[in-house]
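1. sequence unknown, structure follows:
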């Protein structure tokens, strides 16, 4: 399998420690992180022609990934402001 862009540690390299800490301490964050990972893998399979899908389906997955990333970014920002 080729390199998969958009992994969370690549999207937020400056937050590597916070990503790990939140994943183990915050169930909601862990669920969002797992969902992001699954959607990201689906996108990769579609883009590499492993899993056929329409352009519309691919765009929907990308929007879903972006929405998850936004939620994750908000939780990261909140954890920084509270010092968690």
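-> Looks like it arrived, so ask away. Because the structure is predicted, anything quoted here is derived from the model rather than measured. Numbers count the residues shown, from 1 in each chain.
2. check contacts around the residue nearest to the spatial centre of the chain.
-> For the chain, residue 36 is the residue whose C-alpha lies nearest the centre (CA atoms, centre = their mean; 3.4 Å). Neighbouring residues of residue 36 by CB atoms under 8 Å, 6 or more residues apart in numbering: 8, 65, 68-69, 72. The C-beta positions use only the backbone N, C-alpha and C, and glycine is treated the same way.
3. hmm, try it at 6 Å
-> By CB atoms under 6 Å, 6 or more residues apart in numbering, the residues touching residue 36 are residue 68.
4. Which positions within the helix or strand hosting it qualify as buried?
-> Secondary structure from DSSP states H and E places residue 36 in helix 27-47. For helix 27-47, a neighbour-count test (16 or more other CB atoms under 10 Å) marks 29, 32-33, 35-37, 39-40, 42-47 as buried.
5. And for stretch 49-59?
-> So, applying 16+ other CB under 10 Å, buried residues of stretch 49-59: residue 53.
6. Report the rounded mean pLDDT for that stretch.
-> What stretch 49-59 shows for mean pLDDT is 95.
7. Regarding that stretch, how distant is the last residue from the first?
-> 15 Å (CA to CA, to the nearest Å).
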